[in-house]
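Colleague: coords please:
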Amino acid sequence: MNAQIDLIAIPFSYLIGSIPVGLIIGKLISGIDIRKHGSQSTGATNALRVLGTKSAILVLILDVLKGIIPIYCLILMTDIKSTNPIIIPLCGIGIIFGHNWPVFAGFKGGKGVASALGIAYILNPLSALIALLTFLPILLGTKYVSLGSIIAALTTSIIIILQSIPETNNFNYIYACIVGPLIILKHHENIRKLLNGTERKIGEKA
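Modeller: Prediction:
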């Protein structure tokens, strides 16, 4: 039974991550395909610009829950946690890949920030707290969501790596080593715009 669960856990996590929350909410509430507007991302930042504040908050909450619920359920499965703990961080990676390249939305998704926050909250609550404490001052000071997200992702990854590597049977560093750089790479266009001064600030319409 454990082997069967291991085999389906990672692809199932990818499918959970692939649920295109921003796309669904955009079509249900506003009747538009969010992938055809703004930055064309399905994440909360583009939802804010395209769909408005209420829809963006809903997208944010649901994307965070996409990270929290599957990983929390896995950790509750004592057998997996004790016999094959590497499955947990691998499923976290699966969720982020699903969010960024969702099979249900033509492999065109978001950047993984909100879902990564949810996963970090379960894997290492301290890293999630510090991510927020890093992100919010940068956002408030600069109005750049992307800059706050990049620095928060880097900070969170470093904390998870430093705390998990010394521990036996704690493979969370694998998650951090892949997801942190991946989030930064997904922001490559934002980095280019930040450098040339054309990045949009929060509140600016698409």
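
Colleague: ok, which stretches of this structure are helices?
Modeller: Here the chain has its helices, by DSSP state H, at 2-17, 21-25, 44-50, 53-76, 78-83, 87-100, 113-123, 125-142, 145-164, 172-186, 188-196.

Colleague: Select, out of those, the one closest to residue 107.
Modeller: Residue 107 lies closest, by CB to CB, to one member of those: helix 87-100, at 8.7 Å. C-beta coordinates here come from the backbone N, C-alpha and C atoms, glycine included.

Colleague: Can you list phi and psi of residue 165 for me?
Modeller: Per-residue torsions, residue 165: phi -60, psi -40 (degrees, to the nearest 10).

Colleague: and the gap between it and residue 157?
Modeller: Relative to residue 157, residue 165 is positioned 12 Å away (CB to CB, to the nearest Å).

Colleague: The two - which one has more neighbours?
Modeller: Between residue 165 and residue 157, counted using other CB atoms under 10 Å, residue 157 has the larger neighbour count: 25 against 13.

Colleague: for that one, what are its contacts?
Modeller: Residue 157 makes contacts with 176-177, 179-181, as judged by CB atoms under 8 Å, 6 or more residues apart in numbering.

Colleague: Just among those, which is most surrounded?
Modeller: Counting neighbours by other CB under 10 Å, residue 176 leads the contacts of residue 157 with 28 neighbours.

Colleague: quick one: that one and residue 156 touch, right?
Modeller: Yes. In this structure, residue 176 is within contact of residue 156 by CB atoms under 8 Å, at 7.3 Å.

Colleague: If you count neighbours, what's buried in the worst-scoring helix or strand of the chain on mean pLDDT?
Modeller: Here the helix or strand of the chain ranked lowest by mean pLDDT, DSSP states H and E is helix 78-83, holding a mean of 71. Neighbour-count burial for helix 78-83, counted by 16 or more other CB atoms under 10 Å, picks out residue 80.

Colleague: Give the other helices and strands that that helix contacts.
Modeller: helix 2-17, helix 53-76, helix 87-100 (3 or more CB pairs under 8 Å, 6 or more residues apart in numbering; DSSP states H and E).

Colleague: quick check, distance from that helix to the centre of its chain.
Modeller: How far helix 78-83 lies from its chain's middle: 25 Å, per CA atoms, centre = their mean, to the nearest Å.

Colleague: Let me know whether residue 138 touches residue 147 as I believe.
Modeller: Yes. With contacts counted by CB under 8 Å, residue 138 reaches residue 147, the gap being 5.7 Å.

Colleague: In the protein, where is pLDDT below threshold?
Modeller: Scanning the chain for pLDDT under 70 picks out the ranges 1-6, 78, 205-206.

Colleague: re the thing from before, now could you export just the CA positions of the least confident helix or strand of the chain as PDB?
Modeller: Output in PDB follows, covering the C-alpha atoms of helix 78-83 (Å, rounded to 0.1, in the frame of the first residue of the first chain):
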ATOM      1  CA  THR A  78       2.600   8.600   9.400                       C
ATOM      2  CA  ASP A  79       3.800   5.700   7.200                       C
ATOM      3  CA  ILE A  80       5.000   8.100   4.500                       C
ATOM      4  CA  LYS A  81       6.600  10.400   6.900                       C
ATOM      5  CA  SER A  82       8.500   7.600   8.600                       C
ATOM      6  CA  THR A  83       9.300   5.200   5.700                       C
END
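
Colleague: That'll do, ta.
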